[in-house]
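Participant: After the sequence you'll find the predicted model.
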Amino acid sequence: SQTIHQWPATLVQPVGSPLSLECTVEGTSNPNLYWYRQAAGRGLQLLFYSVGIGQISSEVPQNLSASRPQDRQFILSSKKLLLSDSGFYLCAGEARQGGEKLFFGSGTQLSVL
Amino acid sequence: QKEVEQNSGPLSVPEGAIASLNCTYSDRGSQSFFWYRQYSGKSPELIMFIYSNGDKEDGRFTAQLNKASQYVSLLIRDSQPSDSATYLCAVGSGYSSASKIIFGSGTRLSIRP
């Protein structure tokens, strides 16, 4: 079965500090990968998606960036965090020809103070 | 602006009753429809998907789609306390990438013993 490993589960960072969140995928090759952010009580906001190694599309202009150095690795980064970057970050995958069905990692609760 | 609307709830249903969750969407060209269950502090989990008008049943869950009314619903029969969660409706374009999926903000369901 398809699995996403995402870490850390929680993170508290000061404003202006860097960020690196990583997820890895098992059980499928060449998946589409996604980074979502969820504010409390809200739906999921798509931040980045990738259809292959080195291919990143950004949906929301912001101080975050994403990279996909390997087929099953997706990284979300920031050089300087803002207060508004706080939220629940979710890495998601979609099997090739997966019909838009997403499977999610366990998420990272990020608090920027 | 494409939108997916859900009543935020909470929707309180007695144990053993039928829970009915509703969702409307604005893009008449939408082709794929999903229901995700999300427990507090956890990541979403896909529980139902539907592509054609009518009903689709899977165990205690039934998804209903009416494209003419731009309306999709989820029925949960014999509700259990473990069904207490937030249910996210998601609507897609029907293409092979989930990058165009729009999520609603979710309905919080509470099953009272």
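Facilitator: Perfect, I can see it now.
Participant: Apart from its neighbours in sequence, what residue is nearest B:Tyr95?
Facilitator: A:Glu100 (7.6 Å; C-beta to C-beta, 6 or more residues apart in numbering or on different chains). C-beta here means a position set from N, CA and C on the backbone, and glycine is covered the same way.
Participant: which residues touch that neighbour?
Facilitator: Listed by C-beta atoms under 8 Å, 6 or more residues apart in numbering or on different chains, the contact set of A:Glu100 reads A:Glu94, B:Ser32, B:Phe34, B:Gly92, B:Ser93, B:Gly94, B:Tyr95, B:Ser96, B:Ser97, B:Ala98, B:Ile101.
Participant: Quickly find the element holding it.
Facilitator: If you go by DSSP states H and E, A:Glu100 is not part of any helix or strand.
Participant: How about B:Ala90?
Facilitator: Assigned by DSSP H and E, B:Ala90 belongs to strand B:85-92.
Participant: so how far is that strand from its chain's centroid?
Facilitator: 5 Å (C-alpha atoms, centre = their mean, to the nearest Å).
Participant: so what strands line up beside that strand?
Facilitator: strand B:32-38 (antiparallel), strand B:102-103 (antiparallel), strand B:107-112 (antiparallel) (DSSP bridges).
Participant: Other residues contacting the longest one?
Facilitator: With contacts defined as C-beta under 8 Å, 6+ apart, strand B:32-38 is touched by A:99-102, B:21, B:25, B:44-51, B:61, B:63, B:65, B:72, B:74, B:85-94, B:101, B:103, B:106.
Participant: what about it, average pLDDT?
Facilitator: Averaging pLDDT along strand B:32-38 gives 97.
Participant: Now do that strand: distance to the chain's middle.
Facilitator: Offset of strand B:32-38 from its chain centre (C-alpha atoms, centre = their mean): 5 Å.
Participant: Dig out what B:Tyr25 forms beta bridges with.
Facilitator: Note on B:Tyr25: beta-bridge partners by DSSP bridges are B:Val4.
Participant: wait, it sits on B:Gln6?
Facilitator: No. If you go by C-beta atoms under 8 Å, B:Tyr25 and B:Gln6 don't touch, sitting 10.0 Å apart.
Participant: Identify the contacts common to those two.
Facilitator: B:Cys89.
Participant: Which of the helices and strands in chain B ranks last by mean pLDDT?
Facilitator: Taking mean pLDDT, DSSP states H and E as the measure, chain B has strand B:102-103 as its least confident helix or strand, at a mean of 92.
Participant: Test my guess that B:Asp55 contacts B:Ala63.
Facilitator: Yes. Counting by C-beta under 8 Å, B:Asp55 does reach B:Ala63; the two are 7.2 Å apart.
Participant: which of these two has more neighbours?
Facilitator: B:Ala63 (22 against 12; other C-beta atoms under 10 Å in any protein chain shown).
Participant: Show me which residues of chain A are close to chain B?
Facilitator: Contacts of chain A with chain B, taken as C-beta under 8 Å from any C-beta of the partner chain, map to A:32, A:34, A:41-44, A:46, A:49, A:51, A:57, A:59, A:90, A:92, A:94, A:96-107, A:109.
Participant: Buried subset of those, written for ChimeraX?
Facilitator: Per 16 or more other C-beta atoms under 10 Å in any protein chain shown, the buried members of the residues of chain A next to chain B correspond to this ChimeraX selection:
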select /A:32,34,43,44,46,49,51,90,92,94,98,100,101,102,103,104,105,107
